[in-house]
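**Student:** coords below, sequence missing:
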């Protein structure tokens, strides 16, 4: 079975400061990991993914995430937050070795609030 | 760019009505999904379609059905709408060959009164 946890319902950060949104996962094999962002009253937009290779993945809007297999984590980071980064962030995991399941599991989401 | 469109952004229906939510994607994706999103519960999968005329129940299929007669279109049907189906409904599509990221529509906020 696959699962994903976003331990923080809300993250507050001042504009210009670095931000981290946490995600941990559980799979039986090697995971496919994803981050999505949702702005108010909009659908989800894909930010970045880890499939294989370099543990540091760079994505849209200056975001990056680091895959850490020993800690089963895939935290989303940005060196300098913008007020416009305020949104809901979702982590998702899929276990490609899970016997044909093509369906990812989403976390419950973390609300990021960047204060001016 | 992949584009996923949903027939309505906002919809208000009465209890007991039959409701159709339409989703269309323009990238020839095989896989399509319907989710509902509720505060504190994240995204919950209602139905998934591998390809035309193929469907699989998700985590919360009760009270819903789907139709996939054409590759680009995936419809969600609420047979008899109830107030507990008031929610945001999100459609997504994905390429079968990569099975990587999903592309989401803008969502339909459905209110059942």
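**Tutor:** Okay, I see it. Note that the structure is predicted; figures quoted are calculated from it, not measured.

**Student:** low pLDDT regions in chain A?
**Tutor:** A:98-101 (pLDDT under 70).

**Student:** ok, which residues in it are in contact with chain B?
**Tutor:** A:9, A:32, A:34, A:36, A:41-46, A:49, A:51, A:90, A:94, A:96, A:102-104, A:106-109 (C-beta under 8 Å from any C-beta of the partner chain). C-betas here are computed from N, CA, C, even on glycine.

**Student:** Name only those of these that count as buried.
**Tutor:** A:32, A:34, A:36, A:42-46, A:49, A:51, A:90, A:94, A:102-104, A:106-109 (16 or more other C-beta atoms under 10 Å in any protein chain shown).

**Student:** My guess is residue B:92 contacts residue B:106. True?
**Tutor:** No: when contacts are counted by C-beta atoms under 8 Å, residue B:92 is not listed as touching residue B:106 (11.3 Å).

**Student:** Quickly list what's touching both of these two.
**Tutor:** With contacts taken as C-beta atoms under 8 Å, 6 or more residues apart in numbering or on different chains, residue B:92 and residue B:106 have residue A:43 as neighbours in common.

**Student:** okay, those two: which has more neighbours?
**Tutor:** residue B:92 (27 against 16; other C-beta atoms under 10 Å in any protein chain shown).

**Student:** so the more buried one sits in a helix?
**Tutor:** No: if the criterion is DSSP: H, G, I helix; E, B strand; the rest coil, then residue B:92 is strand and not within a helix.

**Student:** who does it bridge with?
**Tutor:** Assessed by DSSP bridges, residue B:92 has beta-bridge partners residue B:33, residue B:104.

**Student:** Could I get the contacting residues of it?
**Tutor:** A:43-44, B:4, B:32-33, B:35, B:102-105.

**Student:** Tell me, how many residues neighbour the closest residue to residue A:91 other than its chain neighbours?
**Tutor:** In space, and not counting its chain neighbours, residue A:91 is closest to residue A:23: 3.5 Å by C-beta to C-beta, 6 or more residues apart in numbering or on different chains. By other C-beta under 10 Å, the residues close to residue A:23 number 26.

**Student:** how far away is residue A:23 from residue B:53?
**Tutor:** As judged by C-beta to C-beta, to the nearest Å, residue A:23 and residue B:53 stand 35 Å apart.

**Student:** Now do the same contact list for the residue most central in space within chain B.
**Tutor:** Centre of chain B computed as the mean C-alpha position; nearest residue by C-alpha atoms, centre = their mean is residue B:34, 2.9 Å away. Applying C-beta under 8 Å, 6+ apart to residue B:34 gives the contacts B:21, B:23, B:45-48, B:58, B:64, B:66, B:74, B:76, B:89-91.

**Student:** try residue B:58
**Tutor:** Counting by C-beta under 8 Å, 6+ apart, the residues that residue B:58 touches are A:103, B:33-35, B:44-48.

**Student:** ok, back up a step: closest one to residue A:69 out of the contacts of residue B:34, please.
**Tutor:** Nearest to residue A:69 out of the contacts of residue B:34 is residue B:45 (C-beta to C-beta; 26.4 Å).

**Student:** give me the low-pLDDT residue ranges for chain B?
**Tutor:** In chain B, residues with pLDDT under 70: B:1-2, B:99.

**Student:** could you pull out the strands for it?
**Tutor:** With strands called from DSSP state E, chain B shows them at B:4-6, B:10-13, B:19-25, B:31-38, B:42-49, B:56-57, B:64-70, B:73-78, B:87-94, B:103-104, B:108-112.
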